[in-house]
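Asks: 3D model of this:
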Amino acid sequence: MRKKTIAVTIGDPLGIGPEIVARTIADPGINRLCRPLAVGNRSVLIRAAALLGIERFEERFGGNICDVALPDDAPSPEDVPSYAGTVNAFAGTHAFDCIVKAHELCISGKAAAVATAPINKEALRAAYVPFIGHTEIFGALTGTADPLTMFETDGLRVFFLTRHVSLRKACDLVTKERLADYIERSLNALEQLGVEVTADMPVAVAGLNPHSGEHGLFGTEEVEIIAPAVEEAKKAGLPVTGPIGADSVFHMAHIGKFAAVLSLYHDQGHIATKTLDFERTISLTLGLPYLRTSVDHGTAFDIAWKGIAGSVSMKEAVRLAAKYSC
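Replies: Numbers count the residues shown, from 1 in each chain. I've put the predicted structure just below:
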C-alpha cells in the first residue's frame, strides 16, 4: 500500500523549525509510517541538517523536500542562520508562503495532511500577513469560517470553545448557542477521526468557574448557560455531560471516563495537556478539507540554530497526521 504523504512546513526559518523538520524527515521510523515532505527552502534545510550532523542529507532525503523560495528581501540561505532568534519580516513571509504551498499540496491531493512547525506572530505582523496564526490562515485559505481545534496527548483529547482572545472576551463567548454548536461539532469531529463516543463514554464540558460555580456561589454561568446547553444536547440524544469542574475533568478524561473534554478557554485546556506531556501535546485543526496537525510549542528563538532543539513534538505531529488523515 502506498504511504501517505504528509506535508511538513518548516515554520519560521529563524526559529527551531528547520532543525526539527530536518530531524523528522530523516527519521527512519517516520519514513516507515509515511512519506514526510518538508515544505520550505531547500538550502536552509540542508544547512540545518549539516548543523545537526545528518550525513548525506540532500542525497538521502532531497526527494522529501518541496522547495519554497525565500522572499526577495531575504538574505542568502547561507546567511539565514546569522539572523537566528530574531523577528524579521522575511521570515514571516517565508513561513506564510510555506503554509500556502502546503495547502496547495493538500487541495491537489499530493499530500494527505499537513503538519506545521511553529511560526512567530510578530514576524507575520512585520510581513503584513493579515492573520494572527496558523488556524486563521488555514481557515482563510479553505474558506472555513471557524475551524475546530483539538489537542491530543496520551489519549487525552481536548476541544476549545475559544482560542486566541482575552480571558474577559472568552467568558463573554460562553453562550448557549456557541456551546450547542461546539458540542455537535466536537462529536462530529470525533466520529470522523474514528473515536467512539457513547453515553458511557461521552464528551465532557468543563466548568468555567472554580468548582463549576458551586451552584451560583462563585459565578452563575454554569447554572444559567452551561448546564442548560448540556441538557438540551442530551435531550437531542447527544452523548455529552457537564459542566464538570476544570480541576478534575481533564484527569477523569485521561483515565478513560470521557472520550474528550470541551474546554472553555485557551489556557484551561493548554495547561492540562501540556502538564501531562508537553512534548507530545499535538494540536489538530479539524473542519478543514484536510487534517492539519501541529507542535504545540513556539519558535524557541533562544535555542534556534544551535543544534539542540528536540524534535519529539514534530515527529508526533507527523505521526498523528498519518494516523488520522484519509
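
Asks: Quick check: next helix or strand after the host helix or strand of Ile30?
Replies: For Ile30, the enclosing helix or strand under DSSP states H and E is helix 28-33. Once the chain leaves helix 28-33, the next helix or strand it forms, by DSSP H and E, is strand 35-40.

Asks: gap between the helix holding Ile30 and the chain center?
Replies: Remark: helix 28-33 is offset 21 Å from the chain centroid, using CA atoms, centre = their mean, to the nearest Å.

Asks: cool, and stretch 301-316?
Replies: 16 Å.

Asks: which residues sit against it?
Replies: Around stretch 301-316, the neighbours that count as contacts under CB atoms under 8 Å, 6 or more residues apart in numbering are 8, 14-16, 18-21, 23-24, 27, 29-30, 48, 51-53, 81, 84-86, 115, 117, 120, 279-282, 295-297, 300. C-beta here means a position set from N, CA and C on the backbone, and glycine is covered the same way.

Asks: Tell me where this protein has helices.
Replies: With DSSP state H, the ranges of helices along the chain come out as 17-25, 28-33, 42-52, 57-61, 89-107, 121-126, 134-142, 167-172, 176-193, 221, 227-235, 249-254, 266-276, 312-324.

Asks: now the angle from the first one to helix 89-107?
Replies: Between the axes of helix 17-25 and helix 89-107, defined by axes from the mean of the first three to the mean of the last three CA atoms, to 10 degrees, the angle is 30 degrees.

Asks: got the CA coordinates for helix 17-25 in PDB?
Replies: Only the C-alpha atoms of helix 17-25 are listed here, as PDB (Å, rounded to 0.1, in the frame of the first residue of the first chain):
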ATOM      1  CA  GLY A  17      11.600  24.800  12.700                       C
ATOM      2  CA  PRO A  18      14.300  23.900  10.100                       C
ATOM      3  CA  GLU A  19      16.100  21.800  12.700                       C
ATOM      4  CA  ILE A  20      13.200  19.800  13.900                       C
ATOM      5  CA  VAL A  21      11.800  19.300  10.400                       C
ATOM      6  CA  ALA A  22      15.200  18.100   9.200                       C
ATOM      7  CA  ARG A  23      15.400  15.600  12.100                       C
ATOM      8  CA  THR A  24      11.800  14.500  11.300                       C
ATOM      9  CA  ILE A  25      12.200  13.800   7.600                       C
END
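
Asks: how big is the angle separating it from helix 312-324?
Replies: 50 degrees.

Asks: now the third one
Replies: Note on geometry: by the same axes, to 10 degrees, helix 42-52 and helix 312-324 are set 120 degrees apart in direction.

Asks: Give me the buried positions along helix 42-52.
Replies: For helix 42-52, burial by neighbour count (16 or more other CB atoms under 10 Å) applies to Arg42, Ser43, Val44, Leu45, Ile46, Arg47, Ala48, Ala49, Leu51, Leu52.
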